[in-house]
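Peer 1: Take this sequence and fold it.
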Amino acid sequence: MTKDIQCEKILDFGSGSGVILPSCAPRSKITYALDINPILVKKTKKEYGLKNVEVVNYLNSSIPLPSESIDLIYALEVLEHIEDLDRVISEIHRVCKKNAYLLFSGPTENLFYKAGRAFAGFKGDYHKTSLNSITEKIENRFICLRQSKLFKFIPIYFLGLYRKV
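Peer 2: Below is the predicted model of the structure:
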């Protein structure tokens, strides 16, 4: 979905283990890996020799980067876990340059998703916000370019590409 987008600066928002860094770092001059706990990201950076990746600590719903500095943000499987989503979407919008892209993904939380979680032994709700609420908040600040769902007949995951105008 973003393979043709060339970027000066990318932000992997909620990097987690840094699993996408080896794929996105070569496509930019600098890639910021932002996470609440950057230990695994640092390990991935070292393991893959990613010289253009800068690890950034995420604190207090703020993104410690300059306004209008980012060309592409990946927010994969993370926004549903955030309590103060309005603030975070505002921060994402703030750091995006004009015409920057946001690639967002999240679970649809339908019956099949919930059954899979139960089968895997997960109990209770651990998402702070629903997918519908997240997409609504994003679409208040970004234009939707494309949306898709994994498994069309039994959608489990949602992927959307948006642009700031």
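
Peer 1: what stretches of this protein score poorly on pLDDT?
Peer 2: 1-4, 108-117, 124-127, 150-156 (pLDDT under 70).

Peer 1: Could you list every helix and strand in contact with the longest strand anywhere in it?
Peer 2: Longest strand in the chain by number of residues (criterion: DSSP state E): strand 96-107. Using 3 or more CB pairs under 8 Å, 6 or more residues apart in numbering; DSSP states H and E as the contact criterion, the secondary-structure elements in contact with strand 96-107 are strand 70-76, helix 131-139, strand 157-163. C-beta: built from backbone N, CA, C; applies to glycine.

Peer 1: okay if I get those as CSV plus distance to Leu11?
Peer 2: Putting these into CSV (distance: least, CB to CB, whole Å) gives the following:
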stretch, distance to Leu11
strand 70-76, 5
helix 131-139, 15
strand 157-163, 14
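
Peer 1: Just say helix, strand or coil for Arg87.
Peer 2: Look at Arg87: counting by DSSP: H, G, I helix; E, B strand; the rest coil, its state is helix.

Peer 1: er, Gly16 actually
Peer 2: Each residue gets one of three states, and Gly16 gets coil by three-state DSSP.

Peer 1: hang on, the earlier thing: quick check: which of the helices and strands packed on strand 96-107 is buried the most?
Peer 2: Per-residue neighbour counts averaged over each of the helices and strands packed on strand 96-107 give the maximum for strand 70-76, namely a mean of 23 (mean count of other CB atoms under 10 Å).

Peer 1: Name the surrounding residues that touch it.
Peer 2: Counting by CB atoms under 8 Å, 6 or more residues apart in numbering, strand 70-76 makes contact with 2, 5, 7-14, 20, 24, 28, 32, 92, 95-97, 100-105, all of which sit outside it.
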